[in-house]
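Undergrad: Output the structure for:
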Amino acid sequence: MRVRALTAVSTLTALTFLGMVPAAQAADSPVPAVNGVTRVEKLGPEGLREMAAAQADANAQGVTDGTAAGGRRVCFQAHARSAGWTSTICTDQSGFTGSQGQVDPIDAVRFSVGATGGMDFNVQLHWANDGTGAEGHIAPGGAVEIWNANGNVLEAIHLWSSNESMMAAAHVKNVGWKGTGLYSYNQWIGSIGEGRWMEAFWIHI
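TA: Coordinates of the predicted model:
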C-alpha cells in the first residue's frame, strides 16, 4: 500500500505532520501484511483543490443532519480503475463515492479530516493479493491519498476512531451493498478472503 501526503515534505516529516503513525490494532482484525509498499509522497494541486473544495462545500451547505458534535467531518473520494476519480463526499452529506453496475474496481482512495472538532480518524486498507496494510492515523486538518504500488484493487477498509462512531457500507463485486447498518467506533467494510473487489463506499458520522 502507498500513502501520498498532501504536503511537499520529506517522508518522515510528512508521516509526523499528518499523523500517519501506526494506531492500535483492533481486536480480531487481520494482521497487516509486510509487503514494503507503503510510501508518502506529494499529492498534486488538483487533488488538493478537490479535497479542500469538498470540505468548503460541506461547510457552506451548513448541513446539520448527521454532523458530529464539534463539527467533526471526514471527506472521502474513490479512484475507479477505468473511470478515474469519482465524486468526493463528506460524512455529513448523502451519497457515495465510486461506481455501481460498472464493474469498475476501486484502486485508490483519498481521505481528508476536518480541522475542527478534534476528530480521531484511523484507516487501514485491504488489497487483493497484497493483503492488509498498516493502519494509519490522519490528524485533523490532514489529508492523504492511498493506493497500491503493485496495481492491485481494494477489497476492504478498516475505519477506527476513539471519539466518534461511524456508520459505513461498501458496494462489493457480485454482492452489492454490504454494511451492518449500525454506528460503531471500529469496523471493517467490504470483503476479505472472498476475492471480491470494492466498487463504492460511503461513511456517515
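Undergrad: Quick check: nearest residue in space to the spatially most central residue of the chain, chain neighbours excluded?
TA: The C-alpha lying nearest the average C-alpha coordinate of the chain belongs to Phe111 (CA atoms, centre = their mean; 4.9 Å). Distance criterion CB to CB, 6 or more residues apart in numbering; nearest residue to Phe111, sequence neighbours excluded, is Phe76 at 5.3 Å. Placement of C-beta: from N, CA and C, glycine included.
Undergrad: Is that neighbour bridged to anything, and to what?
TA: Ile89, Phe111 (DSSP bridges).
Undergrad: Just give me the neighbour total for it.
TA: When neighbours are counted by other CB atoms under 10 Å, Phe76 registers 25.
Undergrad: so it makes contact with Ile89?
TA: Yes - Phe76 is within contact range of Ile89, at 6.2 Å (criterion: CB atoms under 8 Å).
Undergrad: now the strands: where do they sit in this protein?
TA: Secondary structure of the chain (DSSP state E): strands at 2-5, 74-80, 84-90, 97-98, 106-113, 121-127, 131-132, 136-138, 143-147, 154-160, 167-172, 176-178, 186-190, 198-204.
Undergrad: what about these, which gets the closest to Glu50?
TA: strand 84-90 (5.6 Å; CB to CB).
Undergrad: Run the angle between the closest one and strand 74-80 for me.
TA: Going by axes from the mean of the first three to the mean of the last three CA atoms, to 10 degrees, strand 84-90 is angled at 160 degrees with respect to strand 74-80.
Undergrad: so how far is strand 84-90 from its chain's centroid?
TA: Averaging C-alpha positions (CA atoms, centre = their mean, to the nearest Å) puts strand 84-90 11 Å from its chain's average.
Undergrad: what about the residue lying closest to Gly141 once chain neighbours are set aside, neighbour count?
TA: Nearest residue to Gly141 in three dimensions, chain neighbours excluded: Ala115, at 3.8 Å (CB to CB, 6+ apart). Burial measure for Ala115: 14 neighbouring residues, criterion other CB under 10 Å.
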